[in-house]
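In: The sequence isn't on hand, but the structure is:
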Ligand code: UDP
Ligand code: MG
């Protein structure tokens, strides 16, 4: 079993497609471990995308991510990272196949509606950034979500 971090970006929240995106993950067979609606501040956006900080689009990217609420989620399943990336589709919606989330819901790379971790290491880092022990977010099977209950 593996976990991945998925985030509906502000354009997805504004367009009211959180439910549609959740539905695709549930249909695929993923289990939802944690979910919250939140407003990201600039520091968290910059930390989340720190590997891209030298890119020319970095300013626009963190501006986009902080432009409204996001829906942060942890999904679990076999090969969760790779399976989520395959559901989400290619980074540029022009290249994302129809049937993928970006292929079906987005047209422009600067507004590609959803994020998914790109490796198990990134997933662990991003889950740690967005879901901390100090902020109990949700319950799963009656237990507060935490790393121990994941084992
Ligand atoms: N992005 C962009 N312009 C680009 C490449 C990426 O605005 O030319 C944005 C886009 O929102 C993308 C995010 O930066 O989802 C992170 O880029 P990454 O290469 O990590 O793509 P992802 O992992 O999201 O597919
Ligand atoms: Mg990425």
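Out: Okay, I see it. These numbers come from a predicted model, not from an experiment. Ligands and ions are numbered 1, 2, ... in the order given.

In: The residue of the chain found nearest ligand 1: what secondary structure?
Out: The nearest approach of the chain to ligand 1 comes at residue 91, 3.4 Å away (CB to the nearest ligand atom). The C-beta positions use only the backbone N, C-alpha and C, and glycine is treated the same way. Per DSSP: H, G, I helix; E, B strand; the rest coil, the local secondary structure of residue 91 is coil.

In: neighbours of it, just the number please.
Out: By other CB atoms under 10 Å, the residues close to residue 91 number 13.

In: residues contacting it?
Out: When contacts are counted by CB atoms under 8 Å, 6 or more residues apart in numbering, residue 91 touches 102, 109, 112.

In: Tell me how many other residues crowd the last one.
Out: Read it as residue 112. Residues near residue 112, counting by other CB under 10 Å: 23.

In: again with the first one
Out: Taking other CB under 10 Å as the criterion, the count of residues near residue 102 is 24.

In: Doesn't it lie inside a helix?
Out: Yes. Assessed by three-state DSSP, residue 102 belongs to a helix.

In: hang on, it packs against residue 115?
Out: No. Contact criterion CB atoms under 8 Å: residue 102 and residue 115 do not qualify, at 10.5 Å.

In: List the buried residues in the helix or strand residue 24 falls within.
Out: Assigned by DSSP states H and E, residue 24 belongs to helix 18-28. Along helix 18-28, these residues count as buried under the neighbour rule (16 or more other CB atoms under 10 Å): 18, 21, 22, 24, 25.
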